Structure formats: C-alpha cells, structure tokens
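*Asks:* Quick one, fold the following:
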Amino acid sequence: MRVVFVGADDNGSLTRCFARGAGENGLDAHALFADRLVAGWRPLFLARRFGIDAIAAVPLARVLERRLSAIDPDLVVVVKGRFIDAACIDRLRRRLRAPIVNYYPDDPLWPGHDDRRLLAALQRYDEVVVWGERVAEGLKQRGISSRVVPFGYDPASYAPPRDRAAPRYDVVLVGQRYAAREAFVEPLADLRLLVSGVGWDAAQADVVRRLAATRTYSAAEINRLYAQAAFGLNILSPWNLPAHNMRTFEIPATGTAMVVTRTPEHEQLFGEDGAVLVDEPAEARARILELLDDAEELRRLGERGRERVAPFTYSRRMEELLTPWR
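*Replies:* Numbering: from 1, shown residues only. Below is the predicted model:
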C-alpha cells in the first residue's frame with residue numbers, strides 16, 4: 001500500500017513523523033511538503049480576508065495535484081490542510097481514485113479558528129482524524145465523520161541522552177505563549193529557566209518578557225534542551241483541555257521529569273508518580289522546589305514518565321490511523 005502524507009516541513013514535522021511511522025509498519029510511505037497550502041501563507045491569509053483565497057490557492061493546488069498524481073498513491077493523508085478547499089479535495093479524489101483523509105492537529109471548532117470554508121472542506125474528506133474526543137464529538141455534531149488517534153512521539157527525535165549530565169536548567173518550556181502558560185512561568189522567574197516560542201515578547205509580566213525568547217527550535221534541539229533540564233513544563237493551551245498535547249509524549253520520552261496540567265487523560269497515563277500533575281501555579285512551584293532537593297526521586301520520576309509513554313510512538317499511532325484503510 002502506497003500512502004502519501006501531505007503537510008508542512010516545520011519544526012517537529014508531523015508529516016515526517018507520520019511517514020516514518022507508516023514506513024515502520026511496512027507501507028510504501030511518502031512525505032510530500034506543501035507548506036503554503038496546508039499551514040498557511042501570508043498572501044493566502046490576505047486573500048481570505050477578501051473572500052478570494054479559493055482563487056488565489058488554485059495554482060498551488062494544481063501543483064499539489066500533479067505531484068500526487070506522479071506518486072499514484074492508494075491513500076492520501078493531509079495533515080491540517082488549511083487552504084486545501086472542498087473543490088481541491090473533490091478533484092484529487094477523482095484524479096487519484098483514492099481516499100483522502102485529514103489529520104487535524106488543532107481544533108477547527110475553536111472560536112476564532114472555526115472558519116466556515118475550512119469546515120466545508122473537512123466535510124469533503126473520506127474521514128477526519130483528530131487527537132481528542134472533544135474535538136471528534138464536535139465534528140460529528142457538524143456531520144463530519146471523525147475518529148480519534150492521539151498524538152505520540154518519534155523515537156528518532158525524542159530520546160534520553162546517552163550520558164545525562166547535571167541539569168543546566170531547572171525548568172524548560174519550549175512552545176507558544178498563552179496567558180495560562182505565562183501564569184505558571186512568572187512564579188518560577190527566580191529559577192534557572194529557558195522559555196522560548198512564538199508570542200513571548202507579548203508577555204504581560206515584565207519579568208517574563210525579560211527572561212523569555214521568541215526563538216523556535218528543531219525537534220533535535222528541543223530534545224537536547226529538555227534533556228538538559230530538571231523539568232519540562234507543559235501547560236496545555238485552552239483548546240487542548242481536557243486532553244493532552246504533543247509535549248505530553250515528547251518531554252517524558254527524553255527521560256526528563258514533566259510538570260503538566262492535570263487532566264483526566266494525564267491522570268490515566270501517568271498516575272500520580274509518572275509526572276507532576278498540577279492545577280495551579282503555586283502548586284507547580286512548590287513541587288518543583290521540593291523535587292529539586294531530591295535528585296534521586298527526580299531521576300525516578302523521569303524514568304517512570306518515560307516508561308509510561310514508551311509504547312506510544314508514531315509507528316503505533318500510524319497503525320491505528322491506517323488499519324481501517326488497508
């Protein structure tokens with residue numbers, strides 16, 4: 001079976017992870033990058049404001065159609081596909097005579113992200129696969145066929161260091177700024193922190209703006225940073241509640257202890273001894289300070305976390321995603 005994953009070649013690219021995982025399941029798997037169509041491109045965003053994005057995207061969509069036709073896949077999996085519209089999906093299905101599936105890694109129903117043209121396009125896929133039950137149920141209520149395949153991790157990108165040195169940082173957070181995340185970072189400002197990602201230059205607290213950066217990192221660099229930390233801080237964005245995100249698996253895969261938002265899924269996955277599950281910033285600070293004084297328990301916490309996420313590689317996730325189509 002030949003399957004093509006269409007997506008963006010960004011940091012920690014799900015497209016690459018999915019293709020590698022499918023290949024590990026014995027499939028003829030290809031990653032085809034179409035960043036401007038699937039993740040967004042400034043001219044297309046501007047065109048959408050004026051309602052002409054469908055016209056503006058046609059040349060890019062035609063190129064995608066030709067590239068896919070040359071590969072002749074049995075199945076196409078589009079990762080996100082923000083500017084792949086309903087007409088393009090219909091053309092692809094007719095031309096390729098193959099099912100077209102979407103894996104949507106965000107929440108297309110979240111206020112401010114619930115674009116009607118995107119939702120119309122999602123209705124044209126043979127199936128929409130998402131990471132969380134809440135999102136799947138919302139799509140089903142809109143008449144969009146959906147099921148859940150959670151996030152995972154790629155062992156080629158996230159793994160413990162061969163020789164773990166003493167931590168360079170007390171806490172590392174690599175990811176976009178949200179108000180909820182900033183609320184957890186500010187009380188930790190007196191510790192050795194590395195906080196970096198999109199939007200941190202807009203932090204409300206002066207102390208956070210001074211210590212945080214806006215640099216983004218490759219998966220290999222993120223793995224190295226978490227491996228140099230006592231803790232990885234993973235506070236979920238509002239639309240990931242009450243479930244998980246990609247860092248749920250990536251941080252523990254490095255063998256580093258994780259401080260993470262308490263959710264039912266995290267409780268089921270980690271229990272109370274595989275990660276530090278927290279509800280409030282003060283609780284997170286107290287537990288971090290406590291464990292910084294107990295190096296042996298900190299080490300065991302990291303090991304238990306790694307054991308809990310170890311089975312959930314993208315090889316396994318691709319088996320879940322692709323089995324109904326084989």
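
*Asks:* Please report how far the closest residue to Tyr158 other than its chain neighbours lies from Gly271.
*Replies:* Ranked by CB to CB, 6 or more residues apart in numbering and with sequence neighbours excluded, the top spatial neighbour of Tyr158 is Ala253, at 3.9 Å. All C-beta atoms are positioned from the backbone trio N, CA, C, and that covers glycine. In this view, Ala253 and Gly271 are 17 Å apart by CB to CB, to the nearest Å.

*Asks:* higher neighbour count, the two?
*Replies:* Ala253 (26 against 12; other CB atoms under 10 Å).

*Asks:* thinking again about what came up before, Pro155 is in contact with the residue nearest to Tyr158, correct?
*Replies:* Yes: contact criterion CB atoms under 8 Å: Ala253 and Pro155 qualify, at 7.1 Å.

*Asks:* quick one, what contacts the residue nearest to Tyr158?
*Replies:* Residues in contact with Ala253 (CB atoms under 8 Å, 6 or more residues apart in numbering) are 153, 155, 158-160, 306, 309-310.

*Asks:* pLDDT weak spots in the protein?
*Replies:* By pLDDT under 70, the weakly predicted segments of the chain are 11-12.

*Asks:* Break it into its domains for me.
*Replies:* Taking automatic domain parsing as the criterion, the chain consists of the domains 2-149, 169-309.

*Asks:* Pull the distance from the last one to the chain's centre.
*Replies:* Right, the one you point to is domain 169-309. How far domain 169-309 lies from its chain's middle: 15 Å, per CA atoms, centre = their mean, to the nearest Å.

*Asks:* swap in stretch 149-160?
*Replies:* Centre to centre, stretch against its chain (CA atoms, centre = their mean), the figure for stretch 149-160 is 10 Å.

*Asks:* The lengthiest helix in the chain packs against which elements?
*Replies:* For the chain, the helix with the greatest residue count under DSSP state H is helix 53-71. Here helix 53-71 touches strand 2-7, strand 28-33, helix 35-38, helix 42-49, helix 86-96, going by 3 or more CB pairs under 8 Å, 6 or more residues apart in numbering; DSSP states H and E.

*Asks:* If we use 10 Å, what do you get?
*Replies:* strand 2-7, strand 28-33, helix 35-38, helix 42-49, strand 75-79, helix 86-96, helix 116-122 (3 or more CB pairs under 10 Å, 6 or more residues apart in numbering; DSSP states H and E).

*Asks:* got the angle for it vs helix 42-49?
*Replies:* Using axes from the mean of the first three to the mean of the last three CA atoms, to 10 degrees, the inter-axis angle of helix 53-71 relative to helix 42-49 is 130 degrees.

*Asks:* Please put the alpha-carbon coordinates of helix 53-71 into PDB.
*Replies:* Extracted in PDB, the C-alpha atoms of helix 53-71 (Å, rounded to 0.1, in the frame of the first residue of the first chain):
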ATOM      1  CA  ASP A  53      -8.500  32.700  -1.200                       C
ATOM      2  CA  ALA A  54     -10.000  29.800  -3.200                       C
ATOM      3  CA  ILE A  55      -9.000  31.500  -6.400                       C
ATOM      4  CA  ALA A  56      -5.500  32.500  -5.100                       C
ATOM      5  CA  ALA A  57      -4.900  28.900  -4.000                       C
ATOM      6  CA  VAL A  58      -5.700  27.300  -7.300                       C
ATOM      7  CA  PRO A  59      -2.100  27.400  -8.800                       C
ATOM      8  CA  LEU A  60      -0.700  25.800  -5.600                       C
ATOM      9  CA  ALA A  61      -3.500  23.200  -5.500                       C
ATOM     10  CA  ARG A  62      -2.800  22.300  -9.200                       C
ATOM     11  CA  VAL A  63       0.900  21.700  -8.400                       C
ATOM     12  CA  LEU A  64      -0.100  19.500  -5.500                       C
ATOM     13  CA  GLU A  65      -2.500  17.500  -7.700                       C
ATOM     14  CA  ARG A  66       0.300  16.900 -10.300                       C
ATOM     15  CA  ARG A  67       2.800  15.900  -7.600                       C
ATOM     16  CA  LEU A  68       0.400  13.500  -6.000                       C
ATOM     17  CA  SER A  69      -0.600  12.000  -9.400                       C
ATOM     18  CA  ALA A  70       3.000  11.300 -10.200                       C
ATOM     19  CA  ILE A  71       3.300   9.200  -7.000                       C
END
